[in-house]
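Q: Need coordinates for the below:
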Amino acid sequence: MGEFTVVAVLICIIGALGIFGNLNILFVAFRMKPRHKSSLLIGILGLSDLFCILAELQNATRFFLGVQSYQRECFWAISSYLVMVDVQSTLMTALAFDRLLAFCMPFM
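A: As a prediction, the model looks like this:
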């Protein structure tokens with residue numbers, strides 16, 4: 001078994017756990033009645049992470065099927081992943097500033 005096969009199997013196993021965790025986060029974040037901005041940010045972050053995990057599972061599936069991609073189709077296959085990584089980093093920054101403001105000014 002090659003090292004790429006091991007990586008693809010690990011992507012599938014860890015991806016399944018990640019999907020389970022993100023679905024739980026989405027369920028909790030959007031079912032809470034007093035919705036706070038931090039819970040909404042965490043829910044949106046879980047949704048974007050779910051898209052990233054699905055893109056990784058797509059890459060693992062392409063490896064298992066033996067699909068070889070060239071530059072143009074490879075770019076379009078991972079473009080959603082690249083966009084969502086940027087969205088995640090922006091959301092994490094917004095969440096960090098939200099928590100910093102909540103810590104520094106708790107009664108505002």
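Q: for the longest helix along the chain, packing partners?
A: Scanning the chain for the longest helix, with DSSP state H as the assignment, gives helix 71-104. Where contact means 3 or more C-beta pairs under 8 Å, 6 or more residues apart in numbering; DSSP states H and E, helix 71-104 is packed against helix 37-65. (Each C-beta comes from the backbone N, C-alpha and C, glycine too.)
Q: mean confidence for the helix it packs on?
A: Confidence over helix 37-65 (mean pLDDT, whole number) is 90.
Q: Name the residues of it that are buried.
A: 39, 41-57, 59-60, 63 (16 or more other C-beta atoms under 10 Å).
Q: Can you tell me which helices and strands that helix packs against?
A: helix 3-31, helix 71-104.
Q: Format those helices as JSON lines; extra columns: mean neighbour count.
A: Compiled in JSON lines, these are given as follows (neighbours: other C-beta atoms under 10 Å):
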{"stretch": "helix 3-31", "mean neighbour count": "14"}
{"stretch": "helix 71-104", "mean neighbour count": "13"}
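Q: I am finished for the moment; much appreciated.
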